[in-house]
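Chemist: make a model of this:
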Amino acid sequence: MPAGADAIRATLARGFEHHRAGRLAEAEAAYRAVLEEEPANADALHHLGLIAFAAKEHARAIDLMEAARALQPDDHRLLSNLAEVYLRADRTDEALACGKRAVELQPDSAAAHMNVGNALRRAGRLDEAERALSTALALEPASARGKVNLGFARLQRGDYASGFELFESRFEIPAFRERGDTSKILSALEGIPCWRGEPLHGKRLLLWTEQGLGDSVMMLRFLPELRRLGAARVLMCCEAALARLIENSHAVDEIGSSLDAVTAWRGAIDLHCPLMSLPFALKLMIDSIPATVPYVEVPGDMRQRWAERLAALASPRVGVVWASGNKSDAGSRRSIPFDAFAPLFAMRGVRFVSLQKERDAAALQQTVPALADFMDECTDLLDTAALMTQLDLVI
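Modeler: Predicted coordinates:
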């Protein structure tokens, strides 16, 4: 016997309560129970879509939320959420259309303006993006996500002073704090000041990585600046894959690769700084980026070993990497299907070398005999850098 309207509302309310508390399985069960009784319940469809979105099932989220939209075309919250889903699915035009409609329906919705701004930024329309994101932040001045998104837009425009300052709000966003050991490191360093560009002469500074390996490598160009500013001692907590590369820079006194190292160093440091905060602390401007290249070095004996290892490979040698190690949505946008390289691998007179970690070398060789793979011999990024010194081009 079908449930009455009151029972459906009660089940839906129970689903909302579970959802707010993060009990997604229970919330999903409640929403599905609602749909069994009332298949055209827009709220249940909408919130099932949000659960699918949280699971990064973007296609399913879009299907569910579009079904809800067909029932409630002028629900500004639904449209704003759908804009975010479309953006994560790399469907920028649809994201922008949904976001703009949400703004029309609810002009004081910070979330709607933010989604419009992020879609405009993705589309490269940076002036419009900054206006939309500034509006979002004006509506919710305390929003850390609003500050970071506006910071991204300003960084893309080359406004480093404001962009990096706004980016400092990232640790107020749960998703940032939950990356790796970030939250634990911040707790372990509680009470120790974070370096924000104050005089560094005679100070002992701990640097620690917080984002992807590529971001960290990019920041290594700033390490010599710390010596120039008079740092008495520089310590670094980083992933093991980075340790030898950083050690070879000769700009760091001691390196650790675990949370235990941070805890042990508490009494030996005056300041700490997340690695991605160095541009802010150093007051970096677009015309003051350190231009000494290369800013990482490979020992001569390692160069020689790889020169001998690759001696049988004719030139030109082209290294290829196609997938980001970052499992986030941003990482997926930086990755392309391996098959997209097929036309390149068919070229004659070129020898291709894989630089992709965590792939089955034997399977690659079987699929593309022309693709040499030595990555099993690369135990860290210094090994990979040494291999790359013997290549003519990297894609």
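Chemist: low-confidence regions, the chain specifically.
Modeler: 1-3, 326-332, 359-366 (pLDDT under 70).
Chemist: which residues in it form strands?
Modeler: Ranges of strands within the chain are 204-208, 233-237, 254-256, 271-274, 317-320, 351-354, 371-373, 393-394, based on DSSP state E.
Chemist: now mean neighbour count too, for the ones you listed, in TSV please.
Modeler: All C-beta atoms are positioned from the backbone trio N, CA, C, and that covers glycine. Putting the strands of the chain into TSV (neighbours: other CB atoms under 10 Å) gives the following:
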stretch	mean neighbour count
strand 204-208	23
strand 233-237	22
strand 254-256	17
strand 271-274	22
strand 317-320	18
strand 351-354	21
strand 371-373	19
strand 393-394	12
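Chemist: can you put the ones you listed in JSON lines and add distance to Q106?
Modeler: JSON lines is the format used below for these (distance: least, CB to CB, whole Å):
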{"stretch": "strand 204-208", "distance to Q106": "41"}
{"stretch": "strand 233-237", "distance to Q106": "44"}
{"stretch": "strand 254-256", "distance to Q106": "49"}
{"stretch": "strand 271-274", "distance to Q106": "36"}
{"stretch": "strand 317-320", "distance to Q106": "47"}
{"stretch": "strand 351-354", "distance to Q106": "50"}
{"stretch": "strand 371-373", "distance to Q106": "52"}
{"stretch": "strand 393-394", "distance to Q106": "47"}
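Chemist: between those, which gets nearest to R227?
Modeler: R227 sits nearest to strand 233-237 of all the strands of the chain, at 7.5 Å, using CB to CB.
Chemist: between strand 204-208 and that closest one, find me the angle.
Modeler: Calculated by axes from the mean of the first three to the mean of the last three CA atoms, to 10 degrees, strand 233-237 forms an angle of 20 degrees with strand 204-208.
Chemist: ok, the closest residue to A243 other than its chain neighbours - contacts?
Modeler: Excluding its sequence neighbours, the residue lying closest to A243 (CB to CB, 6 or more residues apart in numbering) is I255, at 5.1 Å. Residues counted as contacts of I255 (CB atoms under 8 Å, 6 or more residues apart in numbering) are 235-238, 243, 246-247.
Chemist: go with 6 Å
Modeler: 236, 243, 246-247 (CB atoms under 6 Å, 6 or more residues apart in numbering).
Chemist: same check on H18?
Modeler: Neighbouring residues of H18 by CB under 6 Å, 6+ apart: 26-27.
Chemist: for N118, same thing?
Modeler: 87, 149.
Chemist: at 8 Å instead, please
Modeler: With the criterion set at CB under 8 Å, 6+ apart, N118 makes contact with 84, 87, 95, 129, 133, 149.
Chemist: what distance do you get for the closest residue to P337 other than its chain neighbours to S216?
Modeler: With sequence-adjacent residues excluded and distances taken as CB to CB, 6+ apart, P337 is closest to W322, at 7.5 Å. W322 sits 21 Å away from S216, going by CB to CB, to the nearest Å.
Chemist: re earlier: ok, the contacts of N118 vs L371, which is closest?
Modeler: L87 (34.1 Å).
Chemist: now the closest one, nearest residue through space, not along the chain?
Modeler: A95 (4.0 Å).
Chemist: same check, this time on P274
Modeler: Closest residue in space to P274, ignoring its immediate chain neighbours: E210 at 4.8 Å, by CB to CB, 6+ apart.
Chemist: the one you found against M276, yeah?
Modeler: Yes. Using CB atoms under 8 Å, E210 makes contact with M276 at a distance of 5.9 Å.
Chemist: where along the stretch 151-300 of the chain do the helices fall?
Modeler: Here the stretch 151-300 of the chain has its helices, by DSSP state H, counting those that start in this stretch, at 160-167, 174-177, 182-188, 213-219, 223-228, 240-247, 259-265, 278-281, 300-309.
Chemist: so can I have TSV of these showing mean neighbour count and distance to G49?
Modeler: As requested, those are exported to TSV (neighbours: other CB atoms under 10 Å; distance: least, CB to CB, whole Å):
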stretch	mean neighbour count	distance to G49
helix 160-167	19	30
helix 174-177	13	19
helix 182-188	17	29
helix 213-219	17	31
helix 223-228	16	45
helix 240-247	18	37
helix 259-265	16	37
helix 278-281	22	37
helix 300-309	14	50
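Chemist: most neighbours, which of the contacts of N118?
Modeler: L133 (29 neighbours; other CB atoms under 10 Å).
Chemist: against E140, how distant is that one?
Modeler: Using CB to CB, we find L133 at a distance of 11 Å from E140.
Chemist: among the contacts of N118, name the ones in helices.
Modeler: 84, 87, 95, 129, 133, 149 (DSSP state H).
Chemist: ok, now how distant is M302 from L245?
Modeler: Taking CB to CB, one finds M302 at 11 Å from L245.
Chemist: mutual contacts of L133 and E140, please.
Modeler: With contacts defined as CB under 8 Å, 6+ apart, the residues adjacent to both L133 and E140 are G146.
Chemist: let me have the ones in helices among the contacts of N118 in JSON lines, extended by distance to P316.
Modeler: Below are the ones in helices among the contacts of N118 laid out as JSON lines (distance: CB to CB, whole Å):
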{"residue": "E84", "distance to P316": "44"}
{"residue": "L87", "distance to P316": "39"}
{"residue": "A95", "distance to P316": "41"}
{"residue": "A129", "distance to P316": "40"}
{"residue": "L133", "distance to P316": "44"}
{"residue": "N149", "distance to P316": "41"}
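Chemist: closest to A251 out of these?
Modeler: Looking across those and measuring by CB to CB, the closest to A251 is N149, at 32.5 Å.
Chemist: wait, the closest one touches G117, no?
Modeler: Yes. The pair N149 / G117 is scored as a contact, 6.5 Å apart, by CB under 8 Å.
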